[in-house]
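Peer 1: structure for this input, please:
(chains A, B, C and D)
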Protein chains: 2
Amino acid sequence: MENSISSSEERILDAAKKVFHCKGYDGARMQEIADEAGVNKSLVHYYYRNKDNLFQAVFEDAFSKLITKLNEIFFSELAFTTKIETFIGYYVSFLSQNSYLPLFILNGLYEKPEQIRTMLAKNQLLPERLIDKIKKQIKDELNLEIDPFHVFINILALSVFPIVAKPLIENIFGYSDEQLNQFYEERKTVVPEFILNALKGYEKKHSY
Amino acid sequence: MENSISSSEERILDAAKKVFHCKGYDGARMQEIADEAGVNKSLVHYYYRNKDNLFQAVFEDAFSKLITKLNEIFFSELAFTTKIETFIGYYVSFLSQNSYLPLFILNGLYEKPEQIRTMLAKNQLLPERLIDKIKKQIKDELNLEIDPFHVFINILALSVFPIVAKPLIENIFGYSDEQLNQFYEERKTVVPEFILNALKGYEKKHSY
DNA sequence: ATTACTTTTAACCACCTGGTTAAACCGTAT
DNA sequence: ATACGGTTTAACCAGGTGGTTAAAAGTAAT
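Peer 2: Sure thing, here's the model as predicted:
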């Protein structure tokens, strides 16, 4: 019973993910989602009252998928350098296989920025703690004088941007799918190396 | 005469920029653009036959605005280290004052990636030359063994991502407008420092 | 078989969308 | 004055939009 009940509902959610991820909120059509799920359009409204509700379900799923793993890795007991390697390895892999996700999320955050904190609460996340953890590790393990927040954003930027800019890289430099995947594969080692090299530069005292 | 003719057309284009930048192609309404420009909707169709045309005009403007300056700086005769500082300083400034632009462009590239090369041609840009130039400078001036393409993407990532992720930073870390601007201001020095520190790590021989 | 319930559908609706058309407007040269 | 060119507008349209409704189909207990 539960299987057949949720089967339709799940198929609708899966269909909604496909369509919303690719076309965004405004570009998505309820009819297209219904077709993709192989059900009547009314059934979509039956399970998710309206477009907003359905979109939010899709968005929360995507957001928590990304943020949960991030949180998990950064709160683990790994050494900071290992942590960076682990994070980038995982994120570049996951994002390059779901390359539509980050842009989808960034767009959603622009449109409804107020709901971020609600979502953080739902996933029991406290960003301040995360920064504190990074700060402590940078100081205790590496003895660096650098703003941990900039480090965190840099790690994120170097991992996420190349995925978001996929069509740019693809077309400007005429990369094939294979070449692009190789490029992402390379980044799993290049980026951690790049970051750790950068951090070494802060071992001595610095002023800015 | 020319002033009054172009006045309407320009006001329409300006209005279209505002609306498309914020709401994207699908979210934008021709009526809203007309209202924003203070003209009848038919006049929008009179000057720009249809929505696609108008959007393309807006997109080309935004794209060339960003790519032209990038090209100019990277092809200048500055030393590579100065070049990085100049580029990041300019881009962070420009983008933080036009924070909707990069996401707008990235979305456009996802939707119509095939037109990138057309646009590059229009602006007389050859990406291969750009990478060659960077490659030569990295080798001649700094004697580094590192893939110049990754360096270029890293520079771009560290400059652009924090702008694209503005609502994330704003809301996750509860930054006010002032704090956010200060954060961007800091990045003008932090990011070049970070990159140059990273590059130093490649001065000796490396293998990967 | 009947009942009571959830799931699924076809038909429908009010509204909005991009786009068209034909007429009005306006400056200017004749 | 009027005829002519580009400019601007009101009115209109076909097709699509999210969403509703009421009836049908399925399911399980009695």
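Peer 1: per-residue pLDDT, residue A:79?
Peer 2: If you check residue A:79, the pLDDT there is 95.
Peer 1: and the closest residue to it other than its chain neighbours, which of the three is it?
Peer 2: In this structure, residue A:79 finds its nearest non-sequential neighbour in residue A:141, 6.3 Å apart by C-beta to C-beta, 6 or more residues apart in numbering or on different chains. Glycine gets a C-beta too; all of them are placed from N, C-alpha and C. Following DSSP: H, G, I helix; E, B strand; the rest coil, residue A:141 is assigned to helix.
Peer 1: same question for the one 4 residues further on.
Peer 2: What three-state DSSP gives for residue A:145 is coil.
Peer 1: sorry, back to before: the residue nearest to residue A:79: what's it in contact with?
Peer 2: For residue A:141, the contact set (C-beta atoms under 8 Å, 6 or more residues apart in numbering or on different chains) comprises A:79, A:80, A:81.
Peer 1: go again using 10 Å as the cut-off
Peer 2: Residues in contact with residue A:141 (C-beta atoms under 10 Å, 6 or more residues apart in numbering or on different chains) are A:79, A:80, A:81, A:83.
Peer 1: same question, residue A:160
Peer 2: Residue A:160 neighbours (C-beta under 10 Å, 6+ apart): A:66, A:91-92, A:95, A:101-103, A:105-106, B:157, B:161, B:164-165.
Peer 1: could you do residue A:169 as well?
Peer 2: With C-beta under 10 Å, 6+ apart, residue A:169 has these contacts: A:162, A:163, A:175, A:179, A:180, A:183, A:184, B:109, B:127, B:149, B:153, B:156.
Peer 1: hmm, the helix or strand that contains residue A:92 in reach of chain B?
Peer 2: Secondary structure assigned from DSSP states H and E places residue A:92 in helix A:80-97. No - taking C-beta under 10 Å from any C-beta of the partner chain as the criterion, helix A:80-97 and chain B are apart, separated by no less than 12.1 Å.
Peer 1: which residues in chain A form helices?
Peer 2: Using DSSP state H, the helices of chain A run over residues A:2-27, A:30-37, A:41-47, A:51-75, A:80-97, A:101-111, A:116-122, A:127-142, A:148-164, A:166-172, A:177-200.
Peer 1: turn the ones you listed into CSV, including distance to residue B:23.
Peer 2: Shown next, in CSV, are these (distance: least, C-beta to C-beta, whole Å):
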stretch, distance to residue B:23
helix A:2-27, 7
helix A:30-37, 19
helix A:41-47, 24
helix A:51-75, 15
helix A:80-97, 26
helix A:101-111, 9
helix A:116-122, 20
helix A:127-142, 28
helix A:148-164, 19
helix A:166-172, 20
helix A:177-200, 30
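Peer 1: relative to residue B:42, which of those is closest?
Peer 2: helix A:2-27 (23.6 Å; C-beta to C-beta).
Peer 1: buried stuff in that closest one?
Peer 2: A:8-9, A:12-13, A:15-21, A:23-25, A:27 (16 or more other C-beta atoms under 10 Å in any protein chain shown).
Peer 1: also stretch A:136-154?
Peer 2: Quick answer for stretch A:136-154 (16+ other C-beta under 10 Å): A:137-138, A:142, A:144, A:146-154.
Peer 1: same deal with stretch A:84-96?
Peer 2: A:84, A:85, A:86, A:87, A:88, A:89, A:90, A:91, A:92, A:95, A:96.
Peer 1: residues in chain A within reach of DNA strand C, list them.
Peer 2: Within chain A, the residues that sit near DNA strand C (C-beta under 7 Å from any atom of the strand) are A:4, A:5, A:7, A:8, A:9, A:39, A:40, A:41, A:42, A:43, A:46.
Peer 1: next one, pLDDT for the fifth one please.
Peer 2: The confidence metric pLDDT takes the value 97 at residue A:9.
Peer 1: what sits against the most centrally placed residue in chain A?
Peer 2: Closest to where the C-alpha atoms of chain A average out (C-alpha atoms, centre = their mean) is residue A:66, at 4.0 Å. Going by C-beta under 10 Å, 6+ apart, residue A:66 touches A:91, A:94, A:95, A:98, A:101, A:102, A:105, A:160.
Peer 1: against residue A:193, how distant is the third one?
Peer 2: With the distance defined as C-beta to C-beta, to the nearest Å, residue A:95 ends up 19 Å from residue A:193.
Peer 1: pull out whichever of the buried residues of stretch A:84-96 are also neighbours of DNA strand D.
Peer 2: When contact is defined as C-beta under 7 Å from any atom of the strand, these do not meet DNA strand D at all.
Peer 1: between the residues you listed, which sits nearest DNA strand D?
Peer 2: Closest approach between those and DNA strand D, by C-beta to the nearest atom of the strand: residue A:95, at 27.4 Å.
Peer 1: residues in contact with that closest one?
Peer 2: With C-beta under 10 Å, 6+ apart, residue A:95 has these contacts: A:66, A:101, A:102, A:159, A:160, A:162, A:163, A:164, A:166, A:184.
Peer 1: now those in JSON lines, with pLDDT?
Peer 2: As requested, the contacts of residue A:95 are exported to JSON lines (pLDDT from 0 to 100):
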{"residue": "A:66", "pLDDT": "93"}
{"residue": "A:101", "pLDDT": "97"}
{"residue": "A:102", "pLDDT": "97"}
{"residue": "A:159", "pLDDT": "98"}
{"residue": "A:160", "pLDDT": "98"}
{"residue": "A:162", "pLDDT": "98"}
{"residue": "A:163", "pLDDT": "98"}
{"residue": "A:164", "pLDDT": "97"}
{"residue": "A:166", "pLDDT": "96"}
{"residue": "A:184", "pLDDT": "97"}
